[in-house]
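Engineer: Sharing a model that was predicted from the sequence below.
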Amino acid sequence: MNILLFGIKGCGKTTFGKQIAKKLGRAFIDTDHLIEDLYRMHRGHRVPCREIFLEVGPAGFRALEYEVIQSLQDVQNSVIAVGGGAMIMIENVEALSKSSHMFYLVFEKEPLKKRVLSMQDLPVFLDPNNPESSFDRMYDERDEYYRKLGATEINVTGMKDADVVSAICEIFDEAVRKKGSRGK
Ligand SMILES: Nc1ncnc2c1ncn2[C@@H]1O[C@H](COP(=O)(O)OP(=O)(O)O)[C@@H](O)[C@H]1O
Ligand SMILES: O=C(O)C1=C[C@@H](OP(=O)(O)O)[C@@H](O)[C@H](O)C1
Ligand SMILES: [Mg+2]
């Protein structure tokens, strides 16, 4: 069983995922990293996801993300962090939910907006002329949909990294134990 982290851009999926994997001695897989690996084969050298998104556009990026996520169907005992928009495609949810306990990392809208809009580069999927309102729209749409995916929700806003990591590990441990005892 994998631990799968999803949530809106900037909520800490990559940061917490690495820490959880380290604590549990599991492999860490970040789908954005795999997209960069895949795109490197087309491009000849590695470029960050932001640049890939700009080069291939939103649909091209989602196609690469889909390809990468389909390749993870047989992965086990890992910690997986997906990009902020990955779970919008239901095929991606279906591919990953079978062998993962899914955690939706909730980060409240106003503090997340502050974090994301103060990043060095504005995310490519926001409107540079209306960053705040495009963030609000993106957040509301994704949050409403993400809450319906049946994941364990953890509100990580303002939580210390170590507390997030412990909370996820405890919930996961309990879920695995319950699943094991049901199987006996
Ligand atoms: N606990 C934290 N406190 C302050 N900043 C953080 C914390 N966790 C992550 N960040 C910052 O927030 C940004 C997004 O984190 P990241 O883990 O890449 O999120 P995601 O993968 O969900 O987009 C990064 O710039 C990171 O340095
Ligand atoms: O929210 C999104 O649509 C995206 C989030 C990014 O990942 P993080 O959420 O890990 O930053 C990356 O996949 C890409 O830039 C698109
Ligand atoms: Mg990330």
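Structural biologist: Sure, I can see it. Ligands and ions are numbered 1, 2, ... in the order given.

Engineer: Okay, now the sheet partners of the top strand by length along the chain, with direction.
Structural biologist: For the chain, the strand that runs over the most residues, judged by DSSP state E, is strand 100-106. Under the criterion DSSP bridges, strand 100-106 sits next to strand 2-6 (parallel), strand 152-155 (parallel) in its sheet.

Engineer: Run through the helices of the protein in chain order.
Structural biologist: Counting by DSSP state H, residue ranges of the helices within the chain are 13-24, 31-43, 49-70, 90-97, 109-117, 131-146, 161-183.

Engineer: okay if I get those as JSON lines plus mean neighbour count and distance to ligand 2?
Structural biologist: Heads up, the C-betas are built off the backbone N, CA and C, glycines and all. What follows is those, written out as JSON lines (neighbours: other CB atoms under 10 Å; distance: least, CB to the nearest ligand atom, whole Å):
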{"stretch": "helix 13-24", "mean neighbour count": "19", "distance to ligand 2": "5"}
{"stretch": "helix 31-43", "mean neighbour count": "16", "distance to ligand 2": "5"}
{"stretch": "helix 49-70", "mean neighbour count": "16", "distance to ligand 2": "5"}
{"stretch": "helix 90-97", "mean neighbour count": "16", "distance to ligand 2": "12"}
{"stretch": "helix 109-117", "mean neighbour count": "15", "distance to ligand 2": "9"}
{"stretch": "helix 131-146", "mean neighbour count": "15", "distance to ligand 2": "8"}
{"stretch": "helix 161-183", "mean neighbour count": "13", "distance to ligand 2": "15"}
